[in-house]
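Enquirer: Here is my input, please return the structure:
(one chain, ligands or ions: 2)
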Amino acid sequence: MPEARNIIQKIWDQHVIAQMDEGQSLIQVDRVMLHDRAGPAVLGALRESGRALAQPAMVFGTMDHIIDTHPGRGDDTLFKGGRAFIQSFRSGARAAGIALFDIGDPRQGISHIVSAEQGIVLPGSVMVCCDSHTCTLGGVGALVWGIGTTEGEHAVATQTLVRTKPRTMRVEFSGRLAPGVSAKDMALAMISLYGANGGAGHAIEFCGDAVRGLDVEARSTLCNMAVEFGAWTGLVAADDTTFDWLQGRAYAPRGDQWNTAVAHWRGLASDPDAAWDRSLVIDCTGMAPQVSWGTNPGQAAGIADRVPADLAVSEPALKYMDLRPGQPLAGVPIDAAFIGSCTNSRLSDLRMAAAVLKGRKVAQGVKAIVVPGSTAVKQAAEAEGLDRIFLAAGFEWRESGCSLCFYAGGDSFDSPGRQARRVISSTNRNFEGRQGPGVRTHLASPATVAASALAGCIADPRPLLA
Ligand SMILES: CC(C)[C@H](C(=O)O)[C@@H](O)C(=O)O
Ligand code: SF4
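Expert: Ligands and ions are numbered 1, 2, ... in the order given. As a prediction, this is how the structure comes out:
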């Protein structure tokens, strides 16, 4: 009898080219995604060292971090310093012969959204990108992780990487989610229960009834936050939900190859008696929408809860966030609301927010922005009229990119004469200054961001969805 293995061990074993010293393995890398912030360095360094890409057809690039997301964007509307990145990425990509999803290309969008949307990443494949949230793509059942630019160079030059086999962790979400509670709430609940380091060093399989009930987009939201849990990566085993979502996508296999691939992917599921280095079970029954109150994603609580009264753990965070111990989270006034990022800017996220906003208006003085995660998401949302719901409610409707998830220097939540300090945001990081100097970020689901934008303060979306 072959030894029982979990899905991570199976994908790993299928990608080992050679066993090396000190427990390291040489791993086959199936795809590499590059973005405008790290891509220029990777391609530039490769060119300077006189090396070529091993398989340019397996390497892709997209514009996301640096580009402007205001309507009518182009090279001319880029902030100072941004243009050099964009132009060097463009010329580097051309010289390297890789497909680049540039501004104006219908395939453009945030790396971790377009890799799935285009079928570039497939179940059971290994993909890397010079970005910590590459784990998002675990949502389709792939083993994916973020690397630095030096490893990025190695990956494109050889389609391989050297790595130590990861420890594995099983996180089961049992029970059923209540309406108005989503994958983002599951992720924040997990991180607040076990800490922002709770998954450190592990590759996680998310499983259980509540995970099986999520669509691929919501599974991607959950996997996106694996790195905020300290994990190396996270994934959800592919199933019929995944196959239905993936079939027909631009780079997905077709015809007989598709059928062969599906049979192979089904075989990757963890064996029932597989061993894990760690296991957790989280019950989703009664889980409330979550919102962060501190400066790491683990400092979060249910929307009806209070800021913890235990000052020893939270004092610096509360000082930065300008919150009092024991203060109720619901009702904290906000200056801005942001829906976007590789965590929560797919079509289902926009639908969720629009369901809350429909026929309602954003509170006076709140700057509200929605940034679709890809041009394809934007176009699909427009085709079903979601843009009109957002605009009528008082949201700005933007072009796709990372935008204000990450302060790159070119954009801010301020309005003329008003400095926006407190933001409720569908993103994944709430570190000091993450969304701009002095900006205080509260992480939440798109539904909670929408409800809060309407109320002008942190608010529960559930009554608005009833
Ligand atoms: C700029 C990039 C390298 C960075 C990352 O690695 O994650 C960014 O995407 C982020 O979310 O902080
Ligand atoms: S959307 Fe935010 S978290 Fe995601 S890749 Fe861009 S900057 Fe990083």
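
Enquirer: Residue 249 is in contact with residue 115, isn't it?
Expert: No. Counting by Cβ atoms under 8 Å, residue 115 is not a contact partner of residue 249; they are 10.5 Å apart. For the C-beta atoms, the positions are set from N, CA and C on the backbone; glycine is no exception.

Enquirer: the more surrounded of these two?
Expert: Neighbours of residue 249 and residue 115, each counted by other Cβ atoms under 10 Å, are more numerous for residue 115; the result is 28 against 16.

Enquirer: Spell out the secondary structure type for that one.
Expert: Judged by DSSP: H, G, I helix; E, B strand; the rest coil, the three-state class of residue 115 is helix.

Enquirer: ok, the closest residue to it other than its chain neighbours to residue 21 distance?
Expert: Among residues not flanking residue 115 along the chain, residue 121 sits closest, at 4.6 Å (Cβ to Cβ, 6 or more residues apart in numbering). With distances taken as Cβ to Cβ, to the nearest Å, residue 121 is found 30 Å from residue 21.

Enquirer: State the distance from whichever residue of the stretch 101-250 of the chain sits closest to ligand 1 to residue 37.
Expert: Distances between the stretch 101-250 of the chain and ligand 1 by Cβ to the nearest ligand atom are smallest at residue 132, namely 3.5 Å. The gap separating residue 132 from residue 37 is 12 Å, by Cβ to Cβ.

Enquirer: Tell me the confidence at the closest residue to residue 310 other than its chain neighbours?
Expert: Using Cβ to Cβ, 6+ apart and skipping the chain neighbours, the partner closest in space to residue 310 is residue 325 (7.4 Å). You'll see residue 325 listed with a pLDDT of 93.

Enquirer: List the contacts of residue 325.
Expert: Taking Cβ atoms under 8 Å, 6 or more residues apart in numbering, we find residue 325 in contact with 307-311, 314, 318.

Enquirer: chain center to the longest strand anywhere in the chain, what's the gap?
Expert: When the chain is parsed with DSSP state E, its longest strand is strand 167-174. Computed by Cα atoms, centre = their mean, to the nearest Å, the chain-centroid distance of strand 167-174 equals 19 Å.

Enquirer: Check stretch 191-200 too.
Expert: Relative to its parent chain, stretch 191-200 has a centroid offset of 17 Å by Cα atoms, centre = their mean.

Enquirer: what's the answer for stretch 418-438, then?
Expert: Offset of stretch 418-438 from its chain centre (Cα atoms, centre = their mean): 17 Å.

Enquirer: cool, stretch 280-289 as well?
Expert: The answer for stretch 280-289 is 21 Å, by Cα atoms, centre = their mean.

Enquirer: residues in contact with it?
Expert: Around stretch 280-289, the neighbours that count as contacts under Cβ under 8 Å, 6+ apart are 169-178, 180-181, 185-186, 189-190, 193-194, 208, 210, 302-305, 444-445, 447-448, 460-462.

Enquirer: Then stretch 11-26?
Expert: 5, 27-30, 124-126, 142-143, 160-166, 268.

Enquirer: what comes up buried for it?
Expert: 11-12, 15, 25 (16 or more other Cβ atoms under 10 Å).

Enquirer: next one: stretch 280-296
Expert: Along stretch 280-296, the positions that meet the burial threshold by neighbour count (16+ other Cβ under 10 Å) are 280, 282, 284, 287-296.

Enquirer: quick one, strands of the stretch 51-200 of the chain?
Expert: Shown for the stretch 51-200 of the chain, the strands assigned by DSSP state E, counting those that start in this stretch span residues 59-62, 99-101, 126-129, 143-146, 160-164, 167-174.

Enquirer: now the stretch 251-400 of the chain
Expert: 278-283, 290-292, 300-302, 336-339, 367-370, 395-397.

Enquirer: Let's see the first one as CSV, backbone CA atoms only.
Expert: Extracted as CSV, the C-alpha positions of strand 278-283 are listed here (Å, rounded to 0.1, in the frame of the first residue of the first chain):
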residue,chain,number,x,y,z
ARG,A,278,-1.1,20.4,12.6
SER,A,279,-4.9,20.4,12.4
LEU,A,280,-7.5,23.0,13.4
VAL,A,281,-11.3,23.0,13.3
ILE,A,282,-13.2,26.3,13.2
ASP,A,283,-17.0,26.2,13.6
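
Enquirer: For it, what is the distance to the chain centroid?
Expert: Taking Cα atoms, centre = their mean, one finds the center of strand 278-283 at 22 Å from the center of the full chain.

Enquirer: now the strands of the stretch 51-200 of the chain as CSV including mean pLDDT, distance to residue 333 and mean neighbour count?
Expert: Below are the strands of the stretch 51-200 of the chain laid out as CSV (pLDDT from 0 to 100; distance: least, Cβ to Cβ, whole Å; neighbours: other Cβ atoms under 10 Å):
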stretch, mean pLDDT, distance to residue 333, mean neighbour count
strand 59-62, 98, 37, 28
strand 99-101, 98, 39, 20
strand 126-129, 98, 37, 26
strand 143-146, 98, 35, 26
strand 160-164, 97, 46, 17
strand 167-174, 98, 33, 22
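
Enquirer: Please point out which parts of the lengthiest helix in the chain sit buried.
Expert: Counting residues, the longest helix found in the chain (DSSP state H) is helix 82-96. By neighbour count with 16+ other Cβ under 10 Å, helix 82-96 contains the buried residues 82, 85-86, 88-90, 92-93, 96.

Enquirer: Of those, just say which sits nearest to residue 397.
Expert: residue 82 (21.7 Å; Cβ to Cβ).

Enquirer: Please see if stretch 116-128 touches ligand 1.
Expert: No. Using Cβ under 6 Å from any ligand atom, stretch 116-128 stays clear of ligand 1, coming no nearer than 11.9 Å.

Enquirer: how far does that stretch sit from the chain's center?
Expert: Centroid displacement of stretch 116-128 relative to its chain, using Cα atoms, centre = their mean, is 14 Å.

Enquirer: what's the span of it, first residue to last?
Expert: 13 Å (Cα to Cα, to the nearest Å).

Enquirer: Just the buried positions in that stretch, please.
Expert: Buried, per 16+ other Cβ under 10 Å, within stretch 116-128: 116-128.

Enquirer: cool, and stretch 245-260?
Expert: 245-246, 249, 251-253.
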